[in-house]
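**Q** Mind folding the following:
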Amino acid sequence: MFKFWKSFSWTTKFSIIAFFIVIILGLLSMGVLGFLLYYAVSFLFKNFPSINSWHGDWFWPATISVGMFWAFGYIFAGLVTHYLKRITSNNIVICFVYLFILWLWSAFLWFLVINSNKNNLI
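**A** The predicted model follows:
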């Protein structure tokens, strides 16, 4: 098993470890991670009310879920950068793409949450 782990690239190892850490933090933070992720993408959702005015039974489970599901973004980013390394060896480009995928995944998750709760937004 250790030989298998050593065969992974640094980015793959980081992505796997980050996945498990973020999924646990997403639950233990009780929605704070999801709340902070919303602020990173909030300018995309200017047509909707501020997150500070949202309330209801759906709100905290949604923020906790976004924080937990955001962990899958690390797996996606790790896969993309694994294949991107075959095209370029520029670490700045690779890091930018990795972070952009995490940000884009956060935006997608909040888009799903907002669209499924349009009627509950105040």
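**Q** helices or strands up against the helix ranked longest in the chain?
**A** The longest helix of the chain (DSSP state H) is helix 91-116. Other elements packing on helix 91-116 under the criterion 3 or more CB pairs under 8 Å, 6 or more residues apart in numbering; DSSP states H and E are helix 32-41, helix 59-69, helix 71-84. The C-beta positions use only the backbone N, C-alpha and C, and glycine is treated the same way.
**Q** got the angle between the first one and helix 59-69?
**A** Taking axes from the mean of the first three to the mean of the last three CA atoms, to 10 degrees, one finds that helix 32-41 is oriented at 80 degrees with respect to helix 59-69.
**Q** Pull out the buried positions in helix 32-41.
**A** Buried residues in helix 32-41, counted by 16 or more other CB atoms under 10 Å: Leu33, Gly34, Phe35, Leu37, Tyr38, Val41.
**Q** repeat for stretch 46-55
**A** Phe48, Ile51, Trp54.
**Q** Other residues contacting it?
**A** Stretch 46-55 is touched from outside by Phe35, Tyr38, Tyr39, Ser42, Ile114, Asn120, Leu121, Ile122, with contacts defined as CB atoms under 8 Å, 6 or more residues apart in numbering.
**Q** I figured the second one hits Trp110, correct?
**A** Looking back up the chat, that one is Tyr38. Yes: if you go by CB atoms under 8 Å, Tyr38 and Trp110 touch, sitting 5.7 Å apart.
**Q** so what sits against both of these two?
**A** Val66.
**Q** quick revisit: including distance to Val97 and pLDDT, could the contacts of stretch 46-55 go into a markdown table?
**A** Shown next, in a markdown table, are those (distance: CB to CB, whole Å; pLDDT from 0 to 100):
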| residue | distance to Val97 | pLDDT |
| --- | --- | --- |
| Phe35 | 26 | 92 |
| Tyr38 | 23 | 93 |
| Tyr39 | 22 | 92 |
| Ser42 | 23 | 91 |
| Ile114 | 26 | 90 |
| Asn120 | 35 | 76 |
| Leu121 | 32 | 74 |
| Ile122 | 37 | 65 |
